[in-house]
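Colleague: I need the structure of the sequence given here:
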Amino acid sequence: QVQLVESGGGLVQAGGSLRLSCAASGRTVLSYDMGWFRQAPGKEREFVATIRWSSTYYADSVKGRFTISRDNAKNTVYLQMNSLKPEDTAVYYCAAGRSGGYYLRSGHEYDYWGQGTQVTVSS
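Modeller: Numbers count the residues shown, from 1 in each chain. Coordinates of the predicted model:
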């Protein structure tokens, strides 16, 4: 069992930066592939980024602007978000899933989810 708690969301102007954190308890994040998803009002949840060991994969919409990383000593995963755009506004969720030998990009491939943190980007 893994418990995930996100933090770091907030209101930022377009072009600004935020760093989201996902603190895990119960099991080490090393045991899982970790991912970030987001859901904007009226839209379906979408994949943002994932990390397997030290390898990363990003959605095209955030590639070059967002960076996912993990601190194994702190059992925490981060999402550094730069050059934010109004269309990045959403609730961001952290998730943990058992590795399948490939990048996990679908929500149903993840077993544990955090409660979400709101990110609002003003124009």
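
Colleague: from now on I want contacts and neighbour counts done on CA atoms only, so please keep to that.
Modeller: OK.

Colleague: so in terms of bridging, what pairs with Leu4?
Modeller: Counting by DSSP bridges, Leu4 forms beta bridges with Ala24.

Colleague: that one contacts Tyr93, correct?
Modeller: No: Leu4 is beyond contact range of Tyr93, at 9.3 Å (criterion: CA atoms under 8 Å).

Colleague: overlap in contacts, those two.
Modeller: Residues touching both Leu4 and Tyr93 (CA atoms under 8 Å, 6 or more residues apart in numbering): Trp113, Gly114, Gln115.

Colleague: among these, which ones are buried?
Modeller: Trp113, Gly114 (16 or more other CA atoms under 10 Å).

Colleague: just give the nearest non-adjacent residue to Gly35, would you?
Modeller: Thr50 (4.1 Å; CA to CA, 6 or more residues apart in numbering).

Colleague: who does the helix or strand containing the one you found pair with, and is each partner parallel or antiparallel?
Modeller: Assigned by DSSP states H and E, Thr50 belongs to strand 46-52. Paired neighbours of strand 46-52 in the sheet (DSSP bridges): strand 33-39 (antiparallel), strand 55-58 (antiparallel).

Colleague: the closest residue to Met81 other than its chain neighbours - how many residues pack around it?
Modeller: Spatial nearest neighbour of Met81, chain neighbours left out: Phe66 (4.5 Å); criterion: CA to CA, 6+ apart. Using other CA atoms under 10 Å, Phe66 has 20 neighbouring residues.

Colleague: who's the residue nearest the centre of the chain bridged to?
Modeller: Closest to where the C-alpha atoms of the chain average out (CA atoms, centre = their mean) is Trp36, at 2.2 Å. Counting by DSSP bridges, Trp36 is bridged to Ala49, Cys94.

Colleague: pull the distance from the strand holding Thr50 to the chain's centre.
Modeller: 6 Å (CA atoms, centre = their mean, to the nearest Å).
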